[in-house]
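Enquirer: Predicted structure and sequence below. I'll ask about it afterward.
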Amino acid sequence: MNTTIKSWVYGLASAIIGGAANTIAAVIVAPETFNLQAGLSKLCSMAGIGAVLAAANYLKQSPLPATETTSTVTVTATTTSPAATPPTTAPADKL
C-alpha cells in the first residue's frame, strides 16, 4: 500500500474515532440518559451516528485518492512505395 493510501486510511480512521469520541460530551451533559448501565444502547447509537457523520464529512473533503496507472503505447510505422502512375494516352484529336 503506497503512502497516499496509508495517509488517507489514517485520516478516515481518525475521523471515525473523533466522531465516536464526541459521545463523551453527551455523558457529561446528560449522565442520567447516556450512561454505561441503562443508557448503553443510546450511548452506542450516538457513537455510531457520530462516527458515520464524521466519516462522511471526511470523505466529502478527501475523496478516495486516484490510483496511479501506467500505460504503454506502441507505435508502428509502415511505408509504402507510391503506386506506379499509369501511362497517359493522348486524346485522339491530338495525334
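Expert: Okay, I see it. Numbering: from 1, shown residues only.

Enquirer: low-confidence ranges in this protein?
Expert: Applying pLDDT under 70 to the chain flags the ranges 81-92, 94-95.

Enquirer: In it, mark out all the helices, start to finish.
Expert: Ranges of helices within the chain are 3-21, 23-29, 40-61, based on DSSP state H.

Enquirer: between those, which one is nearest to Thr72?
Expert: helix 3-21 (23.0 Å; C-beta to C-beta). For glycine as for every other residue, the C-beta is placed from the backbone atoms N, C-alpha and C.

Enquirer: elements contacting that closest one?
Expert: helix 40-61 (3 or more C-beta pairs under 8 Å, 6 or more residues apart in numbering; DSSP states H and E).

Enquirer: The residue most central in space within the chain and Gly19: what is the separation?
Expert: Geometric centre of the chain, nearest residue: Leu64, 2.7 Å, by C-alpha atoms, centre = their mean. Separation of Leu64 from Gly19 (C-beta to C-beta, to the nearest Å): 19 Å.

Enquirer: residues near the nearest residue to the residue nearest to the centre of the chain once chain neighbours are set aside, how many?
Expert: Distance criterion C-beta to C-beta, 6 or more residues apart in numbering; nearest residue to Leu64, sequence neighbours excluded, is Trp8 at 7.0 Å. Trp8 has 18 neighbours, counted by other C-beta atoms under 10 Å.

Enquirer: now swap in the one 4 residues further on and tell me
Expert: Per other C-beta under 10 Å, the neighbour tally for Leu12 reads 16.
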